[in-house]
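# Quick one: sequence and predicted model below, then my questions.
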Amino acid sequence: MNPLAPMATSPASPAQLAARVQALVDFYRRVQTERMQGVPLLNPALLVEAVGFEWAEGEEGAEPVAEGVLITPWFMSLLRLPAVNGPHGNCVGRKAVRDFGSERFDFIGAHDPAIGYHETCALFSPMNGFTSQSLARETALASLALVRPQPEPDVMAPVAAEPLPPRRAFFMARRPDAGAAA
């Protein structure tokens, strides 16, 4: 099955998300091995990894987009990947302000036939400050936590407690409103 072909399921399905994100990772792994070999800015401690991708609403009624962080040995970016592999629409290299979680950022359009049009917002480049994949992943997750704050739990109103009986009634197993003992 071609992960880039439209699927019969809803474009916002978990299967479609997994397929689109895997296509993204596969593409950037090919870029690393085919185009980036010997480039000094590659950090040998890092691998291509997609972190925290989830569906978000597209712009003005457009198809949903997968949003997350892409880690590569040469950059880390917020990334918006439409649900379907689509044409670039002459938007490659153009900036657009987009919602991402609770914030708005400048994204730059990019395109490759393998994954279609997508948009990136640089977080780090080059990646020489990262000593391990786990540190890069922690940074990606922390970045996502800043722009995707968790909803605050509902605060429950305090429940009015019954008044405590006087200590003597407690020890005699009587409640003050229960009347006299027989």
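Arrived safely, thanks for sending.
# Name the surrounding residues that touch the top helix by length along the chain.
Using DSSP state H to define each element, the chain has its longest helix at helix 14-34. With Cβ atoms under 8 Å, 6 or more residues apart in numbering as the test, helix 14-34 has contacts from 3-4, 7, 9-10, 42, 48-50, 53-55, 66, 68, 70, 72-74, 79, 81, 83, 85, 112, 114-115, 118. C-beta coordinates here come from the backbone N, C-alpha and C atoms, glycine included.
# Next, the buried residues of that helix.
Going by neighbour count (16 or more other Cβ atoms under 10 Å), the buried part of helix 14-34 is Gln16, Leu17, Ala19, Arg20, Val21, Ala23, Leu24, Val25, Phe27, Tyr28, Gln32.
# in a helix, that's where Cys121 is, yeah?
No: Cys121: not assigned to a helix; according to DSSP: H, G, I helix; E, B strand; the rest coil it is strand.
# Hmm, Asp106 and it touching each other?
Yes: assessed by Cβ atoms under 8 Å, Cys121 is found in contact with Asp106 at 6.4 Å.
# Compare those two (neighbour count), which wins?
Cys121 (17 against 11; other Cβ atoms under 10 Å).
# ok, back up a step: could I have the ChimeraX command that selects the buried members from the contacts of helix 14-34?
Those of the contacts of helix 14-34 that count as buried under 16+ other Cβ under 10 Å are selected in ChimeraX with:
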select :3,4,7,42,48,49,50,53,54,55,66,68,70,72,73,74,79,81,83,85,112,115,118
